[in-house]
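Trainee: With the input below, show me the fold.
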Amino acid sequence: MSFLSRAGIAATRSTRVVQKRFGSHAAHHGPEAPPTSEAFTSNGFKLALITAVGLLVWSRVDEHLTSQGEEKHPLTRYIEYYMRSEEESNRINEKHIKLAQEAAEDLKFYATITPPPKVPLRYPDLLHNASGRCIEVGSTVDTNVTPKFS
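Mentor: Below is the predicted model of the structure:
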């Protein structure tokens with residue numbers, strides 16, 4: 001392959017320039033799209049600032065509540081107030097264990113049962129003497145007996 005043919009192949013190849021795009025421009029198509037504001041005024045920055053201030057305030061309130069000489073933190077007392085007692089938890093656990101043992105015994109019982117043997121019938125269609133279709137209206141109802149309604 002000669003130098004000129006290589007130069008011709010290289011000239012026919014399209015050179016593609018990759019332009020760096022920012023995240024705010026990724027949703028827009030084309031270079032004429034207006035840029036969006038990338039300042040510190042977006043909702044993400046506001047939420048982060050509010051969260052940081054809220055955590056700072058919470059830590060100061062927490063220090064104030066625990067510095068008053070109380071034995072337990074108010075949040076701990078609130079959680080303990082709505083928790084189950086140990087006796088009630090033990091009662092619920094014992095009931096659950098009892099039900100689980102009964103279910104295991106039932107499963108063991110039903111696993112040992114053998115189904116009744118199947119009897120192959122020679123002509124099973126003979127059990128159906130009447131057709132389910134083409135039944136005349138009133139042919140299956142006894143019209144001699146009139147019901148008494150009181």
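Trainee: where in the protein is pLDDT low?
Mentor: 1-38, 128-143, 145-147, 149-150 (pLDDT under 70).
Trainee: Next secondary structure element downstream of the helix or strand harbouring Gly54?
Mentor: Per DSSP states H and E, Gly54 falls inside helix 43-66. Taking DSSP H and E as the definition, the helix or strand that follows helix 43-66 towards the C-terminus is helix 74-82.
Trainee: what residues are up against Arg91?
Mentor: Taking Cβ atoms under 8 Å, 6 or more residues apart in numbering, we find Arg91 in contact with no residue. In short, each C-beta sits where N, CA and C put it, glycine included.
Trainee: Can you name the helix or strand that it falls in?
Mentor: Arg91 belongs to helix 86-112, assigned by DSSP H and E.
Trainee: Put the alpha carbons of the helix holding Gly54 into PDB.
Mentor: Included here for helix 43-66 are C-alpha records, laid out as PDB according to Å, rounded to 0.1, in the frame of the first residue of the first chain:
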ATOM      1  CA  ASN A  43     -33.200  22.700  45.800                       C
ATOM      2  CA  GLY A  44     -30.500  20.200  46.600                       C
ATOM      3  CA  PHE A  45     -28.300  22.900  48.100                       C
ATOM      4  CA  LYS A  46     -31.200  24.300  50.100                       C
ATOM      5  CA  LEU A  47     -32.200  20.800  51.400                       C
ATOM      6  CA  ALA A  48     -28.600  20.100  52.400                       C
ATOM      7  CA  LEU A  49     -28.300  23.500  54.200                       C
ATOM      8  CA  ILE A  50     -31.700  22.900  56.000                       C
ATOM      9  CA  THR A  51     -30.600  19.400  57.100                       C
ATOM     10  CA  ALA A  52     -27.200  20.600  58.400                       C
ATOM     11  CA  VAL A  53     -28.900  23.400  60.400                       C
ATOM     12  CA  GLY A  54     -31.600  21.000  61.700                       C
ATOM     13  CA  LEU A  55     -28.900  18.500  62.900                       C
ATOM     14  CA  LEU A  56     -27.100  21.400  64.700                       C
ATOM     15  CA  VAL A  57     -30.200  22.500  66.400                       C
ATOM     16  CA  TRP A  58     -31.100  19.000  67.400                       C
ATOM     17  CA  SER A  59     -27.700  18.400  68.900                       C
ATOM     18  CA  ARG A  60     -28.000  21.600  71.000                       C
ATOM     19  CA  VAL A  61     -31.500  20.700  72.200                       C
ATOM     20  CA  ASP A  62     -30.300  17.200  73.000                       C
ATOM     21  CA  GLU A  63     -27.400  18.500  75.100                       C
ATOM     22  CA  HIS A  64     -29.800  20.800  76.900                       C
ATOM     23  CA  LEU A  65     -32.300  18.000  77.700                       C
ATOM     24  CA  THR A  66     -29.600  15.600  79.000                       C
END
